[in-house]
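In: Got a predicted model here, sequence first, then my questions.
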Amino acid sequence: MLKNILLATVCVFIFSGCYYTIEPIYTAKDIISDDAILGKWGDPKTKVRWTFTKDEKNKYNAQYLGNDGIESAFEITLVKLGKFKYLDMFVDNKKPENKNGEYKALLLGCHFYIRYTVDNDRFTFVNYALGWIEKKLKDKELDLHYFKRDAGYYFSDSTESLQKVIISLEDTKEAFAKDPQVLEKIK
């Protein structure tokens, strides 16, 4: 536990924004396969690009190109919790040349996860509404242990505890951002 707390503390000081977990949000029984994500995806309004691949061991990987032109590589675990699917992203530590701040935070062992759907040629990411989450944490309405820096939340709970909270929020519209990120298939 002390190791997890120290790791979360380091994550807090290196990168702020969004939400990260020390433990993954899944167990072996929650892992799924979803080849609908494979290929190149882009946001038509920005320069953001994602390329999802699957290696010879059936592991998913992603290359992310941000608006700043910086690339990052991630190992992806696809997860089904409750009614929804999630990408659990962890850094691809074989590519340490990445300079993206999020990538560097994740190098320290943090996971980032996001709810997703794929429908035909649209890949939609749905983030949590951080203002709503922040209020629920402040009011102690969410049973989570966390560290905070700026707008970033770093949760150090067990996988089981994280899953309970994620599933309990799945039908709470206010818990999610009103504007999901929609990517289109690049052909």
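Out: Looks like it arrived, so ask away.

In: Show me what the strand of greatest length in the chain is packed against.
Out: In the chain, with assignment by DSSP state E, the single longest strand is strand 71-81. Identification of packing neighbours for strand 71-81 by 3 or more Cβ pairs under 8 Å, 6 or more residues apart in numbering; DSSP states H and E yields strand 60-65, strand 84-91, helix 101-107, helix 159-168. To be clear about C-beta, it is placed using only N, CA and C from the backbone, and glycine gets the same treatment.

In: sec struct for Lys45, please.
Out: The three-state label given to Lys45 by DSSP: H, G, I helix; E, B strand; the rest coil is coil.

In: and if you look at Lys29?
Out: Classified using three-state DSSP, Lys29 is helix.

In: distance of it from Tyr128?
Out: Counting by Cβ to Cβ, to the nearest Å, the gap from Lys29 to Tyr128 is 24 Å.

In: Have a look at the two and say which one is more surrounded.
Out: Here Lys29 and Tyr128 are compared on neighbour count by other Cβ atoms under 10 Å; more neighbours surround Tyr128, at 20 against 6.

In: dump the residue contacts of that one.
Out: Tyr19, Leu169, Ala175, Phe176, Ala177 (Cβ atoms under 8 Å, 6 or more residues apart in numbering).

In: So for the third one, what's the pLDDT?
Out: Taken from the predicted model, the pLDDT recorded for Ala175 is 93.

In: Please verify my assumption that Trp132 contacts Glu174.
Out: Yes. With contact defined as Cβ atoms under 8 Å, Trp132 reaches Glu174; the gap is 5.2 Å.

In: center of this protein - which residue?
Out: The chain has Tyr113 as the residue nearest its centroid, 2.1 Å off, counting by Cα atoms, centre = their mean.

In: does that residue sit in a helix or strand, and which one?
Out: strand 112-119 (DSSP states H and E).

In: Sheet partners, orientation included, of that strand?
Out: Strand 112-119 has the following strand partners under DSSP bridges: strand 84-91 (antiparallel), strand 122-126 (antiparallel).

In: Just name the shakiest helix or strand of this protein by mean pLDDT.
Out: Counting by mean pLDDT, DSSP states H and E, the chain has its least confident helix or strand at helix 2-14, which shows a mean of 34.

In: after it comes which helix or strand?
Out: On the C-terminal side of helix 2-14, the closest following helix or strand by DSSP H and E is strand 19-21.

In: who touches that next one?
Out: Counting by Cβ under 8 Å, 6+ apart, 11, 105-106, 110-113, 128, 130, 133, 152-157, 162 sit against strand 19-21.

In: Having no further points to raise, I will conclude here.
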